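Undergrad: Provided below are the primary sequence and the corresponding predicted coordinates.
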Amino acid sequence: MINVARLRRAARRETIGVDVGAALNLVAAIVKYASLALLVPTAVAIGYGEPPWPFVLTGAVGVTGGWTLERATRGKEHVGAREGFLVVSLSWLLVGALGALPYLLSGEEQLTRPVDAFFESMSGFTTTGASVVTDVPELSRSLLMWRQFSQWLGGMGIIVLALAVLPRLRVGGRQLFESEAPGPEVGFTERVRDTARRLWILYVALTLLLIGVLLLLRGAGAERSMGVYDAVAHAFATLPIGGFSTRERGVAEFGPATHWTLALFMFLAGVNFALLFVALVRRRVAPLLRDQEFRLYVALLAVASLVLAAILASTDVHEGEAAVRHGVFQAVSIMTTTGFASADFAAWGALAAVALVGLMFLGGSAGSTAGSIKVVRHLLIGRMLRRELDQTVHPEVVYPVRLNGRMIDERTLRAVIVFVLLYIGLFAVGALAITVDSALAGADVSPFEAVAASAATLGNVGPSFGSAGPMGSYADFSPFSKLVMIALMWLGRLEIIPIAVLFTKNYWRA
Amino acid sequence: MKILIIGAGQVGTTIVEALHETHDVTVLDVDAGRLTAIANRYDVTTRTGNGASRRTLQETGVRSVDLLICCTSRDEVNIIAAILSKKIAPETKTIVRTTNVEYLEAWHERQLDVDFIVSSELETAHAVSRIIGVPAARQTDVFADGQVQIVEFDIDPVSAENGRGSPLAAALKAGHGAEARRGDVIGRPLRDARIPRNSKVASIIRGHQMIVPRGDATIQVGDRIIVIGSPESAREWSELLAPDTRRVDDVVIYGCGRIGTAVARVLLEQNIRVRMIESSRERALEVAEELPKARIYNSTGIDPDFLERERIGAARAAIFAMRDDAKNHYAATLAKLYGVNFTIAIVHDAVSIGVFERAGIDVAINPREVTAEEIVRHAHDPRTRQVAMLEGDRYEILDVVVRDRSKLVNRPFRDLPMTGSLIGAIVRNGRAVIPHGDDMLQPGDRVIIFTEARRAAEVEAAL
């Protein structure tokens, strides 16, 4: 975390090139508005006759804290391109911290330690879906709904929401948008505000649609164990590609019809939202179907589903329809980094485990709510590889790397390489840190589980293997490991670079 | 006919040379020196001034002129001059030279109020493609931006030497070839013949007789046939009729300038493999983006290591379209040394043609000359829609856009009443279709019609 006082001191010695005051001012405004989100669990608490005061109190803390900080930094409303990185990084951290307060204040026994509460909150906002709660149904309904709702908010992005709502972001919003939006170079030519609004409309519409479909399934008798509360709660975790559930055994408690429905919506949520908007709202499907990333996304999902189904059928874990269903569901869930589990995939054996960990590195499409590396980066890396091989034999050949027929400039390509390198590097460092720390702390975590946990948190997937499997929780990890994972989730959600630049000297220099 | 020519450069001079004897020609240019040179050689009126200026046009008397030819080296000047003169004198026909294919497209979509547009790049590209695209052809004409070709073939006895073929045919002699396929089309009724897809036999010329063929007609050895179809089908015909001529399927183009790019585009459309060499890295990248199917090298093209490594010598033909004639000359000679059989040079200076020929380069094409020829062809007959004449003037090929109110619209082809003429191709939404009995004409279609000359007016009126 950035220590403001120390920065001030630094500023006195050397002129500092980042307007920290302005950045804090905007962060404060964002936190202030984000506090309004607590109205949702408050209403749920009142509705179910549960004590609403943890949420009310948190909301009050957020609003007054935000307001105070905003007052303290008044007169510095201009946020430039440079401050954007700081704003995005800090907002997510602070909103995550604020979101942890209800867990602490509720007095819930499983979340009394601040690290655990922070972990749960960050896992929610970053749409990871990793949980330290071992006994989910023990949590009150309002607290569970807050968990789900935090994923829903985090999915589309706090900044995108702010862009759509806050009038003061009319200028300079693009930088913020691009720092938060998943995937490389979105290249919007339209007004960012319009784009942000449109994305939110689609997001809300799809969420409502999923709730409707789930309720229909219940009405038609295809799903007996899902109520209105569960339908809303799971829609809140599906569209943002989150993965939290309100049930003890998660999604596995539901029937085949629900599994297929959720798989479809996870698939949709992993598609580029701009293209999805054109396809669903403008009814022009061609741009989506012609999109090379979408095609690869579908192809990868198909192959992954087939492989998993084949593994399941051949190892007799599941049979017939169940093998196909669990294969498809888990392929979609893990590749899009949702983390729902239609069955306990941690018990599927080594082959399936390796396949699933591999899938964690794929991710959904750019411009979706999915995490991880994302399909388009894999696509571009593949094409760059082909170019390298070609140019090794034919050094003079000019070989532009294209995406959908358009040439991708070298800067973007470099950024893709750097991102993937950073991603793999962070994954390795995270895996090492968790392994070593678990060994030192005497936690019951095998090296494979530590590695998988690093991949699952950095990729914002959620459940991993071993005790942290889909039916277990991350409670067994040491507090330090949890902090590492919180950092990984934060870095993974913001795609590393906006946070990484904060640690460079030249970012702060004038 | 009174003709006003704006632009006294190479194109303008060539046009003046062709037209000055039979027509009353005035030349307008900003450069008085060039005008003096022209006035010394030809008996024409000269005026100094800017063709894109309304006042100059009026003063030059554009109102009394029958034909305005805008052929300066600047596209925008040409277009503005033509559009202005259309406003001042709506009766005057206008011909515009452009180097930009985009203007050509705009004109096809009737967004430019100009009677005829000639693109130097495209004309040159088509000239090249005529030479290497259909090696067995006696004559080739290209329509609808190269999407439709009309090709004349001589049906020679197989054993005969291809003496009458193009120089390329001789260069590409390939020993043995399959002869069986000729039997698929020769000597059997057309309805049974296995004619290449997307093509039609438009006419069979036997002695002095010319037949618009029906299904029962046969092609015989000794005939001359006229085929209309896609570039690909024209190549298939060529292979069919002259199986001992290898097709050109691998071409190297030196220089990614506008001409080189236009040539590449036309050849790529015919599924010919194109490799391009460009010394400027920036330009190479630009073209690589524009032409995804071409393979572009960033090289001078005269580096022996490069030529050896990339097996440039294995190409069937090389086209030299760099800006500098001397460079083209050197590179072409070097390419010959490395084994390229057939070389075509794009020439910028008229003098160079002789040099290239002496140096053993097979064909030299001067884009300005090609452009001027095309313009002159239209200037001779201001009925600009008529695009080609065959066999003297008995048959014409028309390129017409179908009007909304035409009676022929939305009726299947087999029900259309026209006789003695044949709709060879339809260009719809920029794509060429070779129509069959079930197809229908739609308003806005561009049709390529093969018709008897005396019925041309009737056909135009019907459409």
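TA: Nice, I can see it. Just so it is clear, the structure is predicted and the values come from calculations on it, not from any experiment. Residues are numbered from 1 along each chain as shown, chains lettered A, B, ... in the order given.

Undergrad: Who are the contact partners of A:Ser35?
TA: A:58-59, A:61-63, A:66, A:98 (Cβ atoms under 8 Å, 6 or more residues apart in numbering or on different chains). Any C-beta I mention is one placed from the backbone N, CA and C, and that applies to glycine too.

Undergrad: hmm, 6 Å instead?
TA: By Cβ atoms under 6 Å, 6 or more residues apart in numbering or on different chains, the contact list for A:Ser35 reads A:59, A:62-63.

Undergrad: Just the residues you listed: which are in helices?
TA: A:59, A:62-63 (DSSP state H).

Undergrad: how about a markdown table for these, with neighbour count added?
TA: Below are the ones in helices among the contacts of A:Ser35 laid out as a markdown table (neighbours: other Cβ atoms under 10 Å in any protein chain shown):
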| residue | neighbour count |
| --- | --- |
| A:Gly59 | 22 |
| A:Gly62 | 24 |
| A:Val63 | 17 |
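
Undergrad: Among the contacts of A:Ser35, find me the one that's closest to chain B.
TA: A:Gly62 (49.4 Å; Cβ to the nearest Cβ).

Undergrad: Need the pLDDT of the closest residue to that closest one other than its chain neighbours.
TA: Nearest residue to A:Gly62 in three dimensions, chain neighbours excluded: A:Ser35, at 2.9 Å (Cβ to Cβ, 6 or more residues apart in numbering or on different chains). The per-residue pLDDT reported for A:Ser35 equals 91.

Undergrad: Where does A:Ser35 sit: helix, strand or coil?
TA: With DSSP: H, G, I helix; E, B strand; the rest coil as the basis, A:Ser35 sits in helix.

Undergrad: what's the spacing between it and chain B?
TA: According to Cβ to the nearest Cβ, to the nearest Å, A:Ser35 and chain B sit 49 Å apart.

Undergrad: Over to A:Val56?
TA: 58 Å.

Undergrad: and the contacts of A:Ser35 as a markdown table, adding pLDDT?
TA: Below are the contacts of A:Ser35 laid out as a markdown table (pLDDT from 0 to 100):
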| residue | pLDDT |
| --- | --- |
| A:Gly59 | 94 |
| A:Gly62 | 94 |
| A:Val63 | 94 |
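
Undergrad: Point out the residues in chain B that sit beside chain A.
TA: Counting by Cβ under 6 Å from any Cβ of the partner chain, the residues of chain B close to chain A are B:284-285, B:288-289, B:296-299, B:306.

Undergrad: quick one, helices of the stretch 201-350 of chain B?
TA: Under the criterion DSSP state H, counting those that start in this stretch, the stretch 201-350 of chain B carries helices at the ranges B:231-241, B:258-269, B:281-290, B:304-309, B:325-337.

Undergrad: Could you dump the ones you listed into a markdown table with distance to A:Ala439 added?
TA: Output for the helices of the stretch 201-350 of chain B, formatted as a markdown table (distance: least, Cβ to Cβ, whole Å):
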| stretch | distance to A:Ala439 |
| --- | --- |
| helix B:231-241 | 68 |
| helix B:258-269 | 61 |
| helix B:281-290 | 52 |
| helix B:304-309 | 54 |
| helix B:325-337 | 68 |
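
Undergrad: Can you classify A:Arg247 by secondary structure?
TA: coil.

Undergrad: Now it: closest residue in space that isn't a chain neighbour?
TA: A:Glu253 (4.7 Å).

Undergrad: Could you pull up the residues touching the closest residue to chain A within the stretch 301-450 of chain B?
TA: Using Cβ to the nearest Cβ, the closest approach of the stretch 301-450 of chain B to chain A is made by B:Phe306 at 5.9 Å. Neighbour list for B:Phe306: A:396, B:299 [criterion: Cβ under 6 Å, 6+ apart].

Undergrad: hmm, try it at 10 Å
TA: A:394-396, B:277, B:297, B:299-300, B:312 (Cβ atoms under 10 Å, 6 or more residues apart in numbering or on different chains).

Undergrad: Restricted to strands, list these.
TA: B:277, B:297 (DSSP state E).

Undergrad: Make CSV from the contacts of A:Ser35 and add distance to B:Glu232 to it.
TA: Below are these laid out as CSV (distance: Cβ to Cβ, whole Å):
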residue, distance to B:Glu232
A:Gly59, 70
A:Gly62, 68
A:Val63, 71
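
Undergrad: what's the neighbour count on B:Glu369?
TA: Residues near B:Glu369, counting by other Cβ atoms under 10 Å in any protein chain shown, number 20.

Undergrad: Are we agreed that it is in a helix?
TA: Yes: counting by three-state DSSP, B:Glu369 is part of a helix.

Undergrad: and residue 237, how many residues sit next to it?
TA: The chain I'm using is chain A. 31.

Undergrad: think we crossed wires, I meant chain B
TA: 24.

Undergrad: Surely it is in contact with B:Ala193?
TA: No: using Cβ atoms under 10 Å, B:Trp237 is not in contact with B:Ala193; the gap is 11.6 Å.

Undergrad: and the next element down the chain from the helix or strand bottoming out on mean pLDDT in chain B?
TA: Across the helices and strands of chain B, mean pLDDT, DSSP states H and E gives its lowest value to strand B:386-390, namely a mean of 46. Scanning forward in sequence from strand B:386-390 by DSSP states H and E, the next helix or strand is strand B:395-401.

Undergrad: tell me what that following strand is packed against?
TA: strand B:139-143, strand B:148-154, strand B:199-206, strand B:224-229, strand B:386-390, strand B:421-428, strand B:446-452, helix B:456-462 (3 or more Cβ pairs under 10 Å, 6 or more residues apart in numbering or on different chains; DSSP states H and E).

Undergrad: Quick one: closest of the ones you listed to B:Thr261.
TA: Nearest to B:Thr261 among the helices and strands packed on strand B:395-401 is strand B:139-143 (17.2 Å), distances taken as Cβ to Cβ.

Undergrad: And the average pLDDT for the closest one is what?
TA: Here the average pLDDT along strand B:139-143 is 68.

Undergrad: same thing with stretch A:232-250?
TA: 92.

Undergrad: okay, how far is it across it, tip to tip?
TA: 14 Å (Cα to Cα, to the nearest Å).

Undergrad: in it, what counts as buried?
TA: Buried positions in stretch A:232-250, judged by neighbour count with 16 or more other Cβ atoms under 10 Å in any protein chain shown: A:232-247, A:250.
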